[in-house]
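Student: Model the structure of this input:
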Amino acid sequence: MLPVDGLDALKMIPSGTRNIGILAHIDAGKTTLTERILYATGFADVPGEVDEGTTIMDWMAQEQARGITITSAAIRCHWAGCAINLIDTPGHVDFMVEVGRCLRVLDGAIVVFSGVDGVQVRTETVWREADRFHVPRLAFINKMDRLGADHDMVLLDIQDRLGANVLPVTLPIGQGEAFEGLIDVVGRRALRFSERREGAVVEAEVPPELREAAEAAREELIDAALEDEAHIGMFLETGDLPEALVWPALRKAVLAGRITPVFCGAALRHIGVQPLLDGVVRLLPRPEDLPPVRGAILGDPVRLGERAPSADAPTAALVFKVTRHRREGTLWYLRLYSGSLRVGDTLLNPRTAEREKILRVYRILADGVEELAGASAGDIVAVSGLRASTTGDTLCDERAPIALEAIEAPEPVVFVALELQSEEHDEAVTAGLRRLLSEDPSLRTWRDEGTGRHVLAGLGELHLEIARERLVEDAGHAVRAGLPQVSYRQTITTEARAVGLIDRQLHGRGFFAQVELAVRPLLRGAGLRVEVRLDPAQVSSEYWPAIETGIRGACDRGGGGGLPLTDVEVVATAGLSREADSSPMAFVQAAALAVRRALDAATIVDLEPIMRVEISTPGEYTGAVIGDLSSRRGRLSGMVSRGTRQVLTCAVPLSNLFGYASELRSMSQGRATLTIQFSQYDIMPSHLASTLRSTGGR
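Tutor: This is a model prediction of the structure:
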């Protein structure tokens, strides 16, 4: 493809690598689009099908059985002289940590929208995450051949709900059952897709009835993209701009974040895939187009350092995923931001201060790998041989140490108790849980003090179900899970201060530490913030990490009821040490004691997780659905008509949503769809908080 005014198309395409991800709400067609991209680029001889469990990217047994993406998968393909490192991410909210850690290392993205449903809850989440990491992106409106598809509706939805400056690069020829092809707006041509050969493109004239709309879209594109004065002058003089100049201007606008180009098609029928790939290589950035990555300089966390995206700079890489390969064992996925690495190299992990040796380097090919001699800046690869590194760690040149920004995992909101087939299996299950947590940082585990059972916490029922299945596979023993339970929290509504003093003699040795701190309430969703602001003359900085450890441990145990604290700031403001008797252990205890005393003086309230729920239902069931949500303490925040359906948005406590999907299906005769996503913790009604305290909970 890529014909451009008789010029060699490749001359206007920056060569090199594109590191991109595909993001979407569940069922928008993200994995189907990925499989069609692999087919169009020649990576796959036959396109994989989600419904048949034959996709390349969804290779896990749990993914194929459920027809959804659970873990991000990476692969490398080629188009128009460019290497594309492609990552397919999950669309289900329970696996959102996969999206966050992939966006952390991607240079560009394709966000897929359903032509029928437009912007959905999960789409908003991934879009905001892409905003947070400043990832340039393209939009792809999929399923334009479905009944109810509405291209203009989706454009307006993206503008209104996401605040994006969206500009169509392709327009549909017909919609729904009448959908038959695309208009290439920049190239002023119609693109028909052959039924005889999957994905084959046939060019034609733009239908007369669509020429006016196509020209208006082209002018809007040029108007939004142009910055070069010579090109502006040419456009003002002639009213036109050649295609060879339009694409570079659009590319600058995309990289600057001023516009989001919109493509459209029907991935299942291979329609629109090639123009989208053209857009990837023409519009999305190469690694070298990005600004230097920044990180903390080892030994001076206040001062930030930079690493340019060059093979000549000191090596800096981020571990963004840990996984187990069926043949190669544990692999660590790296994004190499600067420098290079080769098999046998030794790099420093600034968090652990340990040196890590690279035993092997691999190109990632979904569940397969290709062994490499090394990698350089801009590459996404897997390595083996690491001992103490995990998700979010930096690996760098020990002569120029730097710690890149770590990857944050969301807090779990639901947990289950695990029942072992036999206590003899406890050691194997414990090891299996450790491996699960190294792969998925959004999981948590602990032992119940009363029963001694393992407890597994995650982001939702499906998240925990998949984790348990993987644990059984790994440990090789039956592990049953109890009923899901809500992970409650506590916060404070008043500020308080306290002093913790440890001054003891034990076995002839002194233990002395004093810590003064303040606890303050924060806004909902702020989480837990801990800061140590001490005078080094009073307390040596070598004890500050121990103080933070003591504070965090005490906050995890909480006040009355033993629930972890959230939306709280704890600041250590003063302290004392004694040269002969002070130790890190003493400061851990003193800090924890100060937190407990401060919480005794503050006003504590119990919090429950509130979920954002979006329901798409036929109009005739709207009243019944709203009434049922009210009975679950749901608060309706929005209602939008889309054709014959109503889309309801509301906030509902998680404790009232277990089993709701089945009840909604029954209420709507299987015609309503549901999306549930964590929103924030909020104060529980007092009568429910009293019940929680009497029954216990976490």
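Student: need the longest helix for the chain.
Tutor: helix 584-601 (DSSP state H).
Student: Mind listing what's buried along stretch 595-606?
Tutor: Across stretch 595-606, burial judged by 16 or more other Cβ atoms under 10 Å covers 595, 597-599, 602, 604-606. C-beta: built from backbone N, CA, C; applies to glycine.
Student: Then stretch 489-498?
Tutor: For stretch 489-498, the neighbour count (16+ other Cβ under 10 Å) marks 489-492, 496-498 as buried.
Student: can you name the two of the buried residues of stretch 595-606 that are farthest apart?
Tutor: Spatially, the most separated pair among these is Arg597 and Asp606, at 20.3 Å (Cβ to Cβ).
Student: The residue lying farthest from the centre of the chain and Asp581, how far apart?
Tutor: When distances to the mean C-alpha position of the chain are computed (Cα atoms, centre = their mean), the maximum falls on Gly508, with 52.7 Å. Going from Gly508 to Asp581 by Cβ to Cβ, to the nearest Å gives 11 Å.
Student: likewise Thr31?
Tutor: Between Thr31 and Asp581 the computed distance is 61 Å (Cβ to Cβ).
Student: Show me which of the two is the more surrounded one.
Tutor: Using other Cβ atoms under 10 Å, the more surrounded residue of Thr31 and Asp581 is Thr31, with 30 against 16.
Student: Remind me which helix or strand that one belongs to.
Tutor: Following DSSP states H and E, one finds Thr31 within helix 30-40.
Student: can you give me the mean pLDDT across that helix?
Tutor: Per-region confidence: helix 30-40 scores 89 on mean pLDDT.
Student: next one: stretch 627-642
Tutor: 90.
Student: What of stretch 537-552?
Tutor: pLDDT averaged over stretch 537-552 gives 92.
Student: low-scoring stretches of the stretch 551-698 of the chain, by residue?
Tutor: Within the stretch 551-698 of the chain, the ranges that satisfy pLDDT under 70 run 690-698.
Student: nearest to Gly482, of the buried residues of stretch 595-606?
Tutor: Nearest to Gly482 out of the buried residues of stretch 595-606 is Asp606 (Cβ to Cβ; 22.1 Å).
Student: if we can go back for a sec, could I get the buried residue list for the helix holding Thr31?
Tutor: 30-40.
Student: before we move on, the earlier item: I'd like the buried residues of stretch 595-606 laid out as TSV, including distance to Glu461.
Tutor: Shown next, in TSV, are the buried residues of stretch 595-606 (distance: Cβ to Cβ, whole Å):
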residue	distance to Glu461
Val595	33
Arg597	38
Ala598	36
Leu599	32
Ala602	34
Ile604	29
Val605	27
Asp606	22
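Student: Closest one of these to Leu147?
Tutor: Ranked by distance to Leu147 (Cβ to Cβ), the buried residues of stretch 595-606 are led by Asp606 at 47.1 Å.
Student: I figured the closest one hits Gly560, correct?
Tutor: No. With contact defined as Cβ atoms under 8 Å, Asp606 does not count as touching Gly560 (9.5 Å).
Student: still on that earlier bit, same list, the buried residues of helix 30-40, but as JSON lines with distance to Leu688 please.
Tutor: Listed next are those as JSON lines, based on distance: Cβ to Cβ, whole Å:
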{"residue": "Lys30", "distance to Leu688": "38"}
{"residue": "Thr31", "distance to Leu688": "40"}
{"residue": "Thr32", "distance to Leu688": "43"}
{"residue": "Leu33", "distance to Leu688": "44"}
{"residue": "Thr34", "distance to Leu688": "44"}
{"residue": "Glu35", "distance to Leu688": "47"}
{"residue": "Arg36", "distance to Leu688": "49"}
{"residue": "Ile37", "distance to Leu688": "49"}
{"residue": "Leu38", "distance to Leu688": "50"}
{"residue": "Tyr39", "distance to Leu688": "53"}
{"residue": "Ala40", "distance to Leu688": "54"}
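Student: Could you export stretch 349-357 as PDB, CA atoms only?
Tutor: Output of stretch 349-357 as PDB, limited to C-alpha atoms (Å, rounded to 0.1, in the frame of the first residue of the first chain):
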ATOM      1  CA  ASN A 349      19.800  -2.900  40.500                       C
ATOM      2  CA  PRO A 350      19.700   0.400  42.400                       C
ATOM      3  CA  ARG A 351      16.800  -0.800  44.700                       C
ATOM      4  CA  THR A 352      18.600  -3.900  46.000                       C
ATOM      5  CA  ALA A 353      22.200  -2.600  45.400                       C
ATOM      6  CA  GLU A 354      22.900  -6.000  43.800                       C
ATOM      7  CA  ARG A 355      24.600  -6.800  40.500                       C
ATOM      8  CA  GLU A 356      22.600  -8.800  38.000                       C
ATOM      9  CA  LYS A 357      24.200 -10.900  35.300                       C
END
